[in-house]
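Engineer: can you look at this prediction? I've put the sequence above it.
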Amino acid sequence: MSNVEAVVVAKSQADVLQKTIQSLKTYPFNKVVAVFSKETRKPKWCQAFAIDKGRLGKARNTGIDLADTEYICMIDADIILKPKYIDELLKYFDDKKVVAVGGRLESTTASLYAETKAQVFRGYCKIHSDLPCGGTIYRVESVKKTRFNDMLSGGEDHDLHKRLKKKGFKVVFVDEVSCFHYFKGNMRKEVFLCMLSGARTGLKPCLVRAIISPIRSWLLVIACRDNIRSFLIPPFYVTQWFAHVLGAFFTEEEIKAIMRKMR
């Protein structure tokens with residue numbers, strides 16, 4: 001019997017990519033847990049099902065609480081596993097201090113936007129030894145004790161990893177192993193999402209990050225220099241942070257209203 005379970009967290013069953021569901025067959029998971037925030041019937045492809053209308057961090061905790069194996073793989077609705085992905089990452093748990101291991105997110109599309117964003121993610125993970133939650137395997141016992149922050153719907157993964165590291169645990173990024181991720185959206189949507197974040201964060205912290213963004217962007221380039229797409233990171237990254245600054249001059253409601261008009 002496998003000692004790994006899969007936890008799929010999404011808004012609804014309709015949001016889970018068909019390829020994501022198919023990729024669950026690449027490993028003999030002991031159980032697949034699905035956690036949705038909207039009312040829906042239990043999918044045929046999972047063995048355990050829960051509805052959690054809370055924020056993303058709380059939904060992830062609900063999925064983990066339903067796990068009864070040693071490890072879980074957190075699979076978001078837009079993550080597509082590759083054969084041997086789980087097997088390759090499980091090797092790193094031989095070190096008892098390791099509580100989370102994840103591979104590189106490889107874009108499912110060849111657009112400049114998606115592939116540039118994939119390199120930004122990759123560079124961040126390499127520099128900070130951190131991971132996005134999707135496609136990451138966790139040691140269940142440790143994460144059940146520390147838990148995701150129930151109040152976060154973004155950054156809940158980085159928040160958890162930061163607290164785990166403070167306790168002396170290790171979070172491991174494996175660049176040589178990858179799974180697919182659907183980087184949806186485009187540059188216009190990216191700008192508005194960054195503006196929304198800026199409205200929530202405030203001017204001063206966004207301005208500081210924007211000022212140092214050219215330097216940080218070139219650190220990302222250096223970390224990903226083996227990929228030609230990495231040279232698109234500086235304009236992408238700097239644009240992100242100046243959009244944060246711009247958003248700080250608006251309210252969330254004003255930005256959402258502009259987004260609705262531009263649809």
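Structural biologist: Looks like it came in fine. Numbering: from 1, shown residues only.

Engineer: now do the SS call for Ile72.
Structural biologist: Classification of Ile72 using DSSP: H, G, I helix; E, B strand; the rest coil returns strand.

Engineer: mind checking which helix or strand Val9 is in?
Structural biologist: Here Val9 sits within strand 4-10, counting by DSSP states H and E.

Engineer: now that strand: buried residues?
Structural biologist: If you call a residue buried by 16 or more other Cβ atoms under 10 Å, then strand 4-10 has these buried ones: 4-10. To be clear about C-beta, it is placed using only N, CA and C from the backbone, and glycine gets the same treatment.

Engineer: same thing with stretch 138-152?
Structural biologist: Of the residues in stretch 138-152, those buried (16+ other Cβ under 10 Å) are 138-140, 142-143, 146-150, 152.

Engineer: kindly report the same for stretch 85-104.
Structural biologist: 85-86, 88-90, 92-93, 98-104.

Engineer: same check, this time on stretch 194-210
Structural biologist: Here stretch 194-210 shows 194-199, 206, 209-210 as buried, counting by 16+ other Cβ under 10 Å.

Engineer: for stretch 65-75, same thing?
Structural biologist: Quick answer for stretch 65-75 (16+ other Cβ under 10 Å): 66-67, 70-75.

Engineer: among those, show me the least confident.
Structural biologist: Ranked by pLDDT, those bottom out at Ala67, which has 91.

Engineer: for Lys165, see how far away that one is.
Structural biologist: Shown here: Ala67 relative to Lys165, a distance of 22 Å by Cβ to Cβ, to the nearest Å.

Engineer: cool, and Cys179?
Structural biologist: For Cys179, the distance to Lys165 equals 23 Å [Cβ to Cβ].

Engineer: who has more neighbours out of those two?
Structural biologist: Neighbour tally, Cys179 and Lys165, criterion other Cβ atoms under 10 Å: the higher count belongs to Cys179, 23 against 15.

Engineer: what mean pLDDT does the host helix or strand of that one get?
Structural biologist: Per DSSP H and E: Cys179 is located in strand 170-181. Here strand 170-181 scores 97 as its mean pLDDT.

Engineer: who touches the next helix or strand along the chain from it?
Structural biologist: The element immediately downstream of strand 170-181 (helix or strand, assigned by DSSP H and E) is helix 187-201. Contact with helix 187-201 is made by 113, 117, 185, 206, 236, 239-241, 243-248, 250-252, 254-256, 258-259, 262, as judged by Cβ atoms under 8 Å, 6 or more residues apart in numbering.

Engineer: tell me the buried residues within these.
Structural biologist: For these, buried by 16+ other Cβ under 10 Å: 113, 117, 206, 236, 239-241, 243-248, 250, 255.

Engineer: now, these that are in strands?
Structural biologist: Among the buried ones among the contacts of helix 187-201, none falls in strands (DSSP state E).

Engineer: ok, those residues vs Asn30, which is closest?
Structural biologist: When the buried ones among the contacts of helix 187-201 are ranked by distance to Asn30 (Cβ to Cβ), Lys117 comes first, at 32.9 Å.
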